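# Predicted structure and sequence below. I'll ask about it afterward.
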Amino acid sequence: RLDRDPRLCGTIEEIGDLTHRLRHVLETEGTADTSSSAALPELLEIVREVELRLEALGVVPESVRELIRHIEAEGGAAKISGAGALTSPPGGLGAGSLLVLHPEPERIPGWRFLRGLAPLDLRLGAAGLRIESE
């Protein structure tokens, strides 16, 4: 696709820049609990911006874009994550997972438009798996 449309390189670079910005925000003290963080508006903006660029790349199926617009209408932000966006079986949502960020995360399980999806309560900025050699 990059050979056919070199402009996509700029979109990929923008995603990289936004990823660095997200990491910086998450590494700032006090942002691991996003629900009470002063950085929440910036986190919401970054997630929305990355998702828009993923859509520009053409990797977000219409069914998932519709869910994301519902989430945004509720004051949240969401983006696809993981593989499978364009290869899901017919009728599937077509995303490995959907990261959903909202100022009031306790509201998310009650959204009818997300029924049928298995929620996982995760915290952004938490330490991940590390393998340390001796």
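Arrived safely, thanks for sending.

# Run the chain-centre distance for the lengthiest helix in the chain.
Looking across the chain with DSSP state H, the single longest helix is helix 8-27. The gap between the average C-alpha position of helix 8-27 and the chain average comes to 12 Å, counting by C-alpha atoms, centre = their mean, to the nearest Å.

# Buried residues, that helix. List them.
8, 11, 15, 18, 21, 22, 25, 26 (16 or more other C-beta atoms under 10 Å). For glycine as for every other residue, the C-beta is placed from the backbone atoms N, C-alpha and C.

# other SSEs contacting it?
helix 40-57 (3 or more C-beta pairs under 8 Å, 6 or more residues apart in numbering; DSSP states H and E).

# For the helix it packs on, name the packing helices and strands.
Right, helix 40-57 is packed against helix 8-27, helix 62-73, strand 77-81, strand 97-101 by 3+ C-beta pairs under 8 Å, 6+ apart.

# Residue 72 reaches residue 48, doesn't it?
Yes. Counting by C-beta atoms under 8 Å, residue 72 does reach residue 48; the two are 6.8 Å apart.
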